[in-house]
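**Student:** this is a predicted model, with the sequence first.
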2 protein chains.
Amino acid sequence: MEVITRVAAMQELCLHLKRSGKSIGLVPTMGYLHEGHLSLIRAARGENDIVVMSNFVNPLQFGPKEDFATYPRDPERDNRLAEAAGVDYVFAPSGAEMYPEGYSTFVEVKGDIAEKMCGRSRPGHFRGVTTVVLKLFLITQPDRAYFGQKDAQQAVIIKKMVADLNIPVRIVTCPIIREADGLALSSRNTYLSPEERKQALALPRALSAGKEMILKGETDPRRVRQEILRVLESSPGIRVDYVEVVGGEDLAELGELKGRVLLAAAVYVGKTRLIDNIDLEVRPCTAPC
Amino acid sequence: MEVITRVAAMQELCLHLKRSGKSIGLVPTMGYLHEGHLSLIRAARGENDIVVMSNFVNPLQFGPKEDFATYPRDPERDNRLAEAAGVDYVFAPSGAEMYPEGYSTFVEVKGDIAEKMCGRSRPGHFRGVTTVVLKLFLITQPDRAYFGQKDAQQAVIIKKMVADLNIPVRIVTCPIIREADGLALSSRNTYLSPEERKQALALPRALSAGKEMILKGETDPRRVRQEILRVLESSPGIRVDYVEVVGGEDLAELGELKGRVLLAAAVYVGKTRLIDNIDLEVRPCTAPC
């Protein structure tokens, strides 16, 4: 495995690999790898000749009061884990390499899918995400790029950007990986005190309660949302940022639950903001009742 | 020569050509070809295995009160001229093919270079340009793309986008082609009445007067700008939109004239908006005075 820090070197290598007929899988990360990232790497390893993992804490997707400075970093451990999981090249540029002095070009998906949910709580976040992801695509020229379903809204927005801009890449989303007790893996879980770590379980518990309602036949998205909210608001240490029950493809408001449905929530546990979601396919019941 | 109207077909073909080791030159146009376009095609023909010309009147770069509906179109003549000049593939998509229902992704170069000059007169114009040009780059995968120096600000902004987003394409700008009497070629010249056609000559005449001052030793950009303005304002039928004397690389304000300098102006002749410019390299005089 090789670690590359320069944009020009990474791009030249990938253009050369493409010309020689190799397929490239890209796993974009902000490092501090956990099993979620490793599942993306393994998926990429199974489908591509070459696996590139980017490791870049992207300043553009953090708000001025957010945790860019304190975001956890451990590039040496990341490199060991990446190599063991089958990465061929780690692309780990500096901030100045990605955004030189005078940088001023931005890519933005406009409209409801980018303005609601995390878009409302984190203004500018998705503009930072789409801009860096487009740059990473142009630098590493992937055939396929792998994103976690944990960032469900991000995946929807990136798919929209790819379709709108005609980017020749296939976006693959991989399922959320959870701890044994249900908490979704996140590099930010490291911020939680032992007490907060326990309180955080209300998030997957609330979403599961919503899913249970749907499995029992509830078809009104507002009732499901109310149930998720009820569980969260009755849980100590939890402050709700948002709860949404929306279409899984386009995050649209639903009159009734059918097709692909996303139950998504963001909460604060102490000062730590956590997101989680469950997506499921809701089909009309065809069995005799 | 082949005419392709579908994004997917054009992209598939270009990805295939790239994989088989061919270099691609792209000449983006809005059609209604004149010698300016043909000079771009000939430049592309000399440097690439495959020449793709796009012919697309991009609605996104026209303001609501601008001339999208009346912009001159003659695709059959364009195809004949393109073929004769050496184009291999014309990419001529419909509006709905480039911007399907619900399209919502935009690329924007922010800051002074996009806000002044034509950016001030035509809000949203350059966002439309950068968005369509990025799409065309992603669809046709060019090694080199050819733009006319007539749209000097556009060329500066596209070079900035290419550098910022790490797009693996070389931007080639080609000199302005003029009629025998000095008027810069433009598809919009067709809007001019015979009377306006004569009045329009004030535009190249004013810029030439500015250039003459510099060649005679003037180093103050404000005096050169005043001279260009004076010629334009004393010319019948001309309404000035802007006159700028700025750095040729970055359109920056100059304290004194040195290095690459751009003299640029936009005027209305009747209802027709025309732009023109002269760029020159100003070197300190080393001869004994």
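**Tutor:** Looks like it came in fine. Numbering: from 1, shown residues only, chains lettered A, B, ... in the order given.
**Student:** so what's whichever residue of the stretch 151-289 of chain A sits closest to chain B up against?
**Tutor:** Nearest residue of the stretch 151-289 of chain A to chain B, counting by Cβ to the nearest Cβ: residue A:164, 3.6 Å away. Any C-beta I mention is one placed from the backbone N, CA and C, and that applies to glycine too. Residues in contact with residue A:164 (Cβ atoms under 8 Å, 6 or more residues apart in numbering or on different chains) are A:109, B:103-105.
**Student:** farthest pair within those residues?
**Tutor:** Distances among the contacts of residue A:164 were taken as Cβ to Cβ; the most separated pair is A:109 and B:103, at 10.2 Å.
**Student:** looking at the two, which one has more neighbours?
**Tutor:** residue A:109 (23 against 18; other Cβ atoms under 10 Å in any protein chain shown).
**Student:** list the buried ones in the strand or helix carrying the residue of the stretch 151-289 of chain A closest to chain B?
**Tutor:** Assigned by DSSP states H and E, residue A:164 falls within helix A:152-165. Buried residues in helix A:152-165, counted by 16 or more other Cβ atoms under 10 Å in any protein chain shown: A:152-162, A:164-165.
**Student:** and stretch A:120-132, by the same measure?
**Tutor:** Buried residues in stretch A:120-132 (16+ other Cβ under 10 Å): A:122, A:124-132.
**Student:** need the contact partners of it.
**Tutor:** Here stretch A:120-132 makes contact (Cβ under 8 Å, 6+ apart) with A:28, A:56, A:58-63, A:66, A:98, A:105-109, A:114, A:118-119, A:153-154, A:157-158, A:161, A:241-242, A:266, A:273, B:105.
**Student:** out of those residues, which are inside strands?
**Tutor:** A:28, A:105-109, A:241-242, A:266, A:273, B:105 (DSSP state E).
**Student:** out of these, who has the most neighbours?
**Tutor:** Busiest of the ones in strands among the contacts of stretch A:120-132 [other Cβ under 10 Å] is residue A:107, holding 26 neighbours.
**Student:** wait, residue A:179 touches residue A:185, no?
**Tutor:** Yes. Applying Cβ atoms under 8 Å, one finds residue A:179 in contact with residue A:185, separated by 6.7 Å.
**Student:** give me the phi and psi for residue A:245.
**Tutor:** phi -120, psi 100 (degrees, to the nearest 10).
**Student:** for residue A:65, same thing?
**Tutor:** Per degrees, to the nearest 10, the backbone of residue A:65 is at phi -100, psi 10.
**Student:** return the per-residue confidence for it.
**Tutor:** Predicted confidence (pLDDT) for residue A:65: 94.
**Student:** repeat for the one 10 residues further on
**Tutor:** On pLDDT, residue A:75 comes in at 98.
**Student:** do residue A:289 as well
**Tutor:** 53.
**Student:** and what of residue A:258?
**Tutor:** Residue A:258 carries a pLDDT value of 94.
**Student:** same deal with residue A:17?
**Tutor:** pLDDT for residue A:17: 97.
**Student:** what about residue A:42, which helix or strand?
**Tutor:** Assigned by DSSP H and E, residue A:42 falls in helix A:35-47.
**Student:** ok, residue A:8 - contacts?
**Tutor:** Going by Cβ under 8 Å, 6+ apart, residue A:8 touches no other residue.
**Student:** so it, which of the three states?
**Tutor:** Here residue A:8 is recorded as helix under DSSP: H, G, I helix; E, B strand; the rest coil.
**Student:** roughly how far does the most centrally placed residue in chain A sit from residue A:129?
**Tutor:** The centroid of chain A falls nearest to residue A:151 when counting by Cα atoms, centre = their mean (2.8 Å). Taking Cβ to Cβ, to the nearest Å as the criterion, residue A:151 is separated from residue A:129 by 9 Å.
**Student:** tell me the residues of the stretch 151-289 of chain A that contact chain B?
**Tutor:** Selection of the stretch 151-289 of chain A residues close to chain B by Cβ under 8 Å from any Cβ of the partner chain yields A:160-161, A:164-168.
**Student:** can you add distance to residue B:40 and pLDDT and give those back as CSV?
**Tutor:** As requested, these are exported to CSV (distance: Cβ to Cβ, whole Å; pLDDT from 0 to 100):
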residue, distance to residue B:40, pLDDT
A:160, 33, 98
A:161, 29, 98
A:164, 27, 98
A:165, 24, 98
A:166, 22, 98
A:167, 25, 98
A:168, 25, 98
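**Student:** quick check: residues of the stretch 1-150 of chain A near chain B?
**Tutor:** Within the stretch 1-150 of chain A, the positions near chain B by Cβ under 8 Å from any Cβ are A:7, A:11, A:15, A:18-19, A:21, A:103-111, A:113, A:130, A:134-135, A:138-139, A:141.
**Student:** let me see the domain layout of chain A.
**Tutor:** Per automatic domain parsing, the structural domains of chain A span A:2-174, A:187-279.
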